[in-house]
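# From the sequence below, what's the structure:
(2 chains)
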There are 2 protein chains.
Amino acid sequence: MLKNDLFLKALKGETVERPPVWMMRQAGRYLPDFMKLKDKYDFFTRCRTPELATEITVMPIDQVGTDAAILFSDILVVPQAMQIDVEMRPGVGPWLPNPIRDTKSLDKVVVPNVYEELGYVYEAIKLTKEALNDRVPLIGFAGSPWTILCYCVQGQGSKNFDKAKEFCFTQPVLAHQLLQKITDTTIAYLKGKVEVGVDAVQVFDSWGGMLSPGDYQEFSWKYMQQIIDALKDEVPVIAFGKGCWFALDTMAKSGASALGVDWTCSPKNARYLTGGQITLQGNFDPSRLLSSPAEIKKMVKEMIDAFGKDRYIANLGHGILPNIPVENAIAFVEAVKEYKA
Amino acid sequence: MLKNDLFLKALKGETVERPPVWMMRQAGRYLPDFMKLKDKYDFFTRCRTPELATEITVMPIDQVGTDAAILFSDILVVPQAMQIDVEMRPGVGPWLPNPIRDTKSLDKVVVPNVYEELGYVYEAIKLTKEALNDRVPLIGFAGSPWTILCYCVQGQGSKNFDKAKEFCFTQPVLAHQLLQKITDTTIAYLKGKVEVGVDAVQVFDSWGGMLSPGDYQEFSWKYMQQIIDALKDEVPVIAFGKGCWFALDTMAKSGASALGVDWTCSPKNARYLTGGQITLQGNFDPSRLLSSPAEIKKMVKEMIDAFGKDRYIANLGHGILPNIPVENAIAFVEAVKEYKA
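Numbers count the residues shown, from 1 in each chain, chains lettered A, B, ... in the order given. Got it, this is the predicted structure:
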């Protein structure tokens, strides 16, 4: 039995004394102890070494006090497992030297045996569950097929993922084949995580907001829905689409337990667009954690008042930034814990 | 008297046979003749030489057939005139070697005499009006104060303008001083354009969508409204905020003649959010111009059907991309001209 089950209660829509709180990318570069490990081990070594992934995952529970842990990993371990080369270049970010842009490169992409290719993730989950010792629930995650396609086709991060969109709009048959391969892999990958003990999963559609509503349905949501359908009876699913306010009405009917919201969508708009019944998660502007702790606490109180304390998970609207002082992250978490309606 | 006044009629909300059409950045890098000039003259030489700016401005009227011209220039000529160094680095984009981040750098920023510092723009407008010979109206433009601040503080383009947001959130007094200086300069600059003959002005808030609704009101809209208030009795004003769907209700009450909409906001949502009365402009995904001409024509028809032919200006949802084939841009324009309800 979990000692702190606030997060799971909120996912079920149960009444809580105060909302649970965690932060996207909470196991990351704003933590000095993380930076020490970063200096010693490169990015994928940290992902692939269960002891390191566990240590990093537990850090924010001990040091910042969030109500849920999220496994330290990266959305790009999935294309790696599909035999697509993925490097993490310092100062550049993700770098895929052989982007997928034609039949030949697409044919080399496999739907792998996830237990063989991603066994290190499952080991990390088992170790993390032991280390957490039922203190808080553990979240597993994956990128959305569209977001993974963006990197696989563009070959790197981008302001507008123009090459990824060009691929979809000029070669839609190939694009859908790639999306389906990613979807099949992701479903198997997440089911494996559930088997070894994650308490919830979140699907990150970081780049869904680059698409028009019609293209979003065709190239992103269709595959998100497949993932939700495959997982929802086994585990609570959180669907997060950055910039995807226009699809919140569809998402609310998907069977997901909760929806992530970014900071451009006000709590009032988010409740309105989703019909007011589903649990929402978000949506503090990560840059606003640069304000003073006193200002942060005031803004967090306003945010919870606006979302309401029930059916709500306090979080940021996207990942925490590397330059956030730890004390400001702690102020954010404390403000939620101190919340009184 | 203008021979083609469709654009001005749409701005007034008058009934038209078909909507007018133009494309943001229509005088740009997708045109082979533009690329020839680009090879010969650097960016700011093209902006600062009235004959070149005129030639470039008129190009899409002759070659693509849009219903309005927009003066070839750049939003960053305004900070240049304010004594902030701005370079355009090939492959990098805007580069400001001395970003504004403290009192000392802010104190050096002046509100200039626009006729002295930006006289080359006014000369270009006069020359362009002659060259257009009343064929179509001419649009003048400026960046929004927030968007200009983004470059002045960040020092270059950015995915999230984190340094610009940090400046606003940690030094709001300085941020507002800078925003007011930019606003005062922009109002004088646009009034000067009206004096020499532009038929409408557009204010581009390219990065407003990086802000939460509350921060948008404080750091962007407040200054956009000042500009609209100062100009609206002299010339029709179009306000465009990329990603600013959340502020469309406020914008609709601003006195602007039209509002730009990006492709993430469906025509239906845009009409709903703006109350259904104001002229809207947009919102074809620029990447969708990579589809075939036949597909483009089909999608344009659907777009106009969804917006309705009146109180509507067909356009893209952001600037045209450099890799768009000219024939696709022409297909876009032709589709609007062929429109029948």
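
# hmm, what's the outermost residue in chain A?
Distance from the C-alpha centroid of chain A, by C-alpha atoms, centre = their mean, peaks at residue A:104 (30.9 Å).

# how much space between that one and chain B?
Relative to chain B, residue A:104 is positioned 21 Å away (C-beta to the nearest C-beta, to the nearest Å). Using the backbone N, CA and C atoms, a C-beta is placed for each residue, glycine as well.

# Show me what the helix or strand harbouring that residue is packed against.
If you go by DSSP states H and E, residue A:104 is part of helix A:103-107. Here helix A:103-107 touches helix A:172-195, going by 3 or more C-beta pairs under 8 Å, 6 or more residues apart in numbering or on different chains; DSSP states H and E.

# near chain B at all, the helix it packs on?
No: Helix A:172-195 lies out of reach of chain B by C-beta under 8 Å from any C-beta of the partner chain, never closer than 9.4 Å.

# Return that helix as PDB; C-alpha atoms alone will do.
The C-alpha trace of helix A:172-195 is given here as PDB (Å, rounded to 0.1, in the frame of the first residue of the first chain):
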ATOM      1  CA  PRO A 172       1.500  10.600 -46.000                       C
ATOM      2  CA  VAL A 173       1.600   6.800 -46.700                       C
ATOM      3  CA  LEU A 174       5.100   6.500 -45.400                       C
ATOM      4  CA  ALA A 175       4.400   8.800 -42.500                       C
ATOM      5  CA  HIS A 176       1.500   6.600 -41.400                       C
ATOM      6  CA  GLN A 177       3.600   3.500 -41.700                       C
ATOM      7  CA  LEU A 178       6.300   5.100 -39.400                       C
ATOM      8  CA  LEU A 179       3.600   6.300 -37.000                       C
ATOM      9  CA  GLN A 180       2.100   2.800 -36.700                       C
ATOM     10  CA  LYS A 181       5.500   1.200 -36.100                       C
ATOM     11  CA  ILE A 182       6.200   3.800 -33.300                       C
ATOM     12  CA  THR A 183       2.700   3.200 -31.900                       C
ATOM     13  CA  ASP A 184       3.000  -0.600 -31.800                       C
ATOM     14  CA  THR A 185       6.400  -0.300 -30.100                       C
ATOM     15  CA  THR A 186       5.100   2.300 -27.600                       C
ATOM     16  CA  ILE A 187       2.100   0.100 -26.600                       C
ATOM     17  CA  ALA A 188       4.400  -2.900 -26.000                       C
ATOM     18  CA  TYR A 189       6.900  -0.700 -24.200                       C
ATOM     19  CA  LEU A 190       4.300   0.800 -21.800                       C
ATOM     20  CA  LYS A 191       2.600  -2.500 -21.200                       C
ATOM     21  CA  GLY A 192       6.000  -3.800 -20.100                       C
ATOM     22  CA  LYS A 193       6.300  -0.900 -17.700                       C
ATOM     23  CA  VAL A 194       2.900  -1.700 -16.200                       C
ATOM     24  CA  GLU A 195       3.900  -5.300 -15.700                       C
END
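
# and it, how far from the chain's centre?
The chain centre lies 16 Å from the centre of helix A:172-195; the measure is C-alpha atoms, centre = their mean, to the nearest Å.

# Going by neighbour count, which residues in that helix are buried?
Of the residues in helix A:172-195, A:174-179, A:181-190, A:192-194 count as buried by neighbour count, 16 or more other C-beta atoms under 10 Å in any protein chain shown.
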